[in-house]
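1. Any chance you could fold what I've pasted below:
(one chain, ligands or ions: 1)
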Amino acid sequence: MSTEDPNRFSVSEREGLFKAIRERRDVRSEFLADPIAPDVLVRLLRAAHHAPSVGLMQPWDFILIDDVELRRSVKAIFDDENEKAARNYQNDRGADYRRLKLEGILESPINLCVTCDRSRGGPHVLGRNSIFDTDIFSVCLGIQNLWLTARAEGLGVGWVSILDQTRLATALDLPDEVYPVAYLCIGYVSEFRDRPELEAKGWRRRLPLGDLVHANGWGRKPTDPSIAAAIEESGPLSTSASKGRVSG
Ligand SMILES: Cc1cc2nc3c(=O)[nH]c(=O)nc-3n(C[C@H](O)[C@H](O)[C@H](O)COP(=O)(O)O)c2cc1C
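-> A predicted model of the protein is given here:
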């Protein structure tokens, strides 16, 4: 018999969270030009600002970019870098790569650069003594918060990383200590795909979870057969696939 756990979200709350996680997509092809209301945009930023950060460093800043000329210069940086990237692939794979749409810089109504101020909080940030890059990890968590919140608000987000960071930093007048972690395109969309665009276009597939779970060291399968069985049985992320806390 199960007792209600007061710490656990209700079924509908959990379903909402899982839906945002399941149905979040990286969007490049489906942007609409419709403007985003300021209060919605601010909710996205507030969600990012609620992320965990090493030593409560909060190393993020958010640069909103609606200026078309500036977006054109960023698109030019993308085009140069994408040409270089395309040369990594030959024959059919190269042709496939060039057919992919990998940014929505001009089609989306707003671009957002999320940066990491590597000096915020002074030289000794609690928890950052051993792993210097924990500031960047923190910014990535903020980005994921924003991405999931955007999905819940019906907004698409596309992360463009095919950019020369030095040229981008110059275009955005970033101080030396500020690193541009993510360049995001944000906007309403004609549709959300039901699976990653790269999967739909045959580039790469989601790996089976069971192949990625180890126990007590790399390459060792869990000895508890019920974990492997639960992975086998579980379908898409949802409350129906989660029985919750195991009771005695
Ligand atoms: C750090 C990072 C960088 C990415 N850079 C790009 C990019 O430059 N262009 C692009 O089209 N997608 C980019 N993506 C999106 C991934 O291709 C996408 O997340 C992945 O294919 C899974 O699809 P989904 O996000 O729709 O589930 C990036 C994603 C991450 C997390």
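2. Would you mind listing the buried residues in the worst-scoring helix or strand of the chain on mean pLDDT?
-> Least confident element among the helices and strands of the chain, by mean pLDDT, DSSP states H and E: helix 225-233 (a mean of 87). Across helix 225-233, burial judged by 16 or more other CB atoms under 10 Å covers no residue at all. From N, CA and C alone the C-beta is placed, and that goes for glycine too.
3. gap between it and the chain center?
-> 28 Å (CA atoms, centre = their mean, to the nearest Å).
4. swap in stretch 108-128?
-> For stretch 108-128, the distance to the chain centre is 16 Å (CA atoms, centre = their mean).
5. Report the rounded mean pLDDT for that stretch.
-> Stretch 108-128 carries an average pLDDT of 98.
6. Could you do stretch 198-208 as well?
-> 95.
7. Contacts for that stretch, please.
-> For stretch 198-208, the surrounding residues in contact (CB atoms under 8 Å, 6 or more residues apart in numbering) are 96, 99, 100, 193, 195, 196.
8. Of the residues you listed, which is the nearest to residue 35?
-> Residue 35 has its nearest neighbour among the contacts of stretch 198-208 in residue 193, at 23.1 Å by CB to CB.
9. quick one: contacts for the nearest residue to that closest one once chain neighbours are set aside?
-> Leaving aside its sequence neighbours, residue 193 sits nearest to residue 25 (CB to CB, 6 or more residues apart in numbering; 5.5 Å). Contact analysis of residue 25 by CB under 8 Å, 6+ apart lists 151, 156, 192, 193, 196, 197.
10. domains for the protein, by residue range?
-> Listed domain ranges for the chain are 25-205, 207-236 (source: automatic domain parsing).
11. To residue 8, which of the ones you listed lies closest?
-> domain 207-236 (18.1 Å).
12. Figure out how far the closest one is from the centre of its chain.
-> 24 Å.
13. Tell me which residue is most central in this protein.
-> residue 144 (4.5 Å; CA atoms, centre = their mean).
14. Could you find the closest non-adjacent residue to it?
-> Per CB to CB, 6+ apart, closest to residue 144 is residue 51, 7.6 Å.
15. any idea of the pLDDT on the one you found?
-> Residue 51 is given a pLDDT of 98.
16. any idea which element it lies in?
-> For residue 51, there is no host helix or strand (DSSP states H and E).
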